[in-house]
Every structure is written in structure tokens, then in C-alpha cells.
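1. sequence first, then the predicted structure, then my questions.
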Amino acid sequence: KEDLANLLLHVLHDFQKARDFLEEIVMLDVEKTEDPSLLFRGNSIATKAVDLYMKLIGSKYLKNTLGLFIRDVYDNAQEFEVDTTRIAAGEDFLTNQQNLRM
């Protein structure tokens, strides 16, 4: 089910039809559900598709909004650890805290 949902979503997303597809399959799940407390907890194609679509869209959003910042932090030689139980010998909590204020 996940492979099928993934393939469908990518194709439909390229044609800007993913939202329509998700609306349809989610509404079908809602209509056939006897117990509303079980909605989106099953292993249906609708739950798989919604999960995959959130990852597809969310991943692009996160890369576009935070990607450069994360890359800068990753490439930076400064230390940022402020968990006092994890600070390595020779590091300083206050210095690391200041480094976080880039």
C-alpha cells in the first residue's frame, strides 16, 4: 500500500492533483469507517498517502526554510552543546550558549 501511495502521490503532485486525490481517498475512509476513533489509525491507502504527502511537502518546506541555517551550523567549527551532562572536557557552557546566538 505504501509503495502504491508513494507512486501515486509523486505523479499526482507533479500534475498538481495530489490534493484532490487525498480529499477523495480520505473521504472514502471517513464514509466507510464505523468507529470514528479509529480514523487515520489503520493501514489504509489513505493513511499511507496522507503520511507520505506530509513528508513530501514538509521535507521541501524544511529544506527551503531551514536548510541554509542547518548547513551553516553543521559546517561551523564552534561548539553548541549546552546540556551540562554532555559538554566535553575543555568546552565551556557559557561560550557554547553564546555560540547559539549566532
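-> Here it is on my side, so go on.

2. any weak-confidence spans in this protein?
-> 102 (pLDDT under 70).

3. where along it do the helices fall?
-> 2-14, 18-32, 45-75, 93-99 (DSSP state H).

4. turn those helices into a markdown table, including distance to residue 86.
-> In this view, the C-beta of every residue, glycine as well, is placed from N, C-alpha and C. Below are these laid out as a markdown table (distance: least, Cβ to Cβ, whole Å):
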| stretch | distance to residue 86 |
| --- | --- |
| helix 2-14 | 36 |
| helix 18-32 | 41 |
| helix 45-75 | 16 |
| helix 93-99 | 10 |
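
5. neighbours around residue 52, how many?
-> 20 (other Cβ atoms under 10 Å).

6. so who does it touch?
-> 2, 5-6, 9 (Cβ atoms under 8 Å, 6 or more residues apart in numbering).

7. quick one: the closest residue in space to residue 21 that isn't next to it in sequence and residue 26, what's the gap?
-> Among residues not flanking residue 21 along the chain, residue 12 sits closest, at 4.9 Å (Cβ to Cβ, 6 or more residues apart in numbering). Distance, residue 12 to residue 26, using Cβ to Cβ, to the nearest Å: 14 Å.

8. count of residues packed around the residue nearest to residue 21?
-> Neighbour tally, residue 12, other Cβ under 10 Å: 17.
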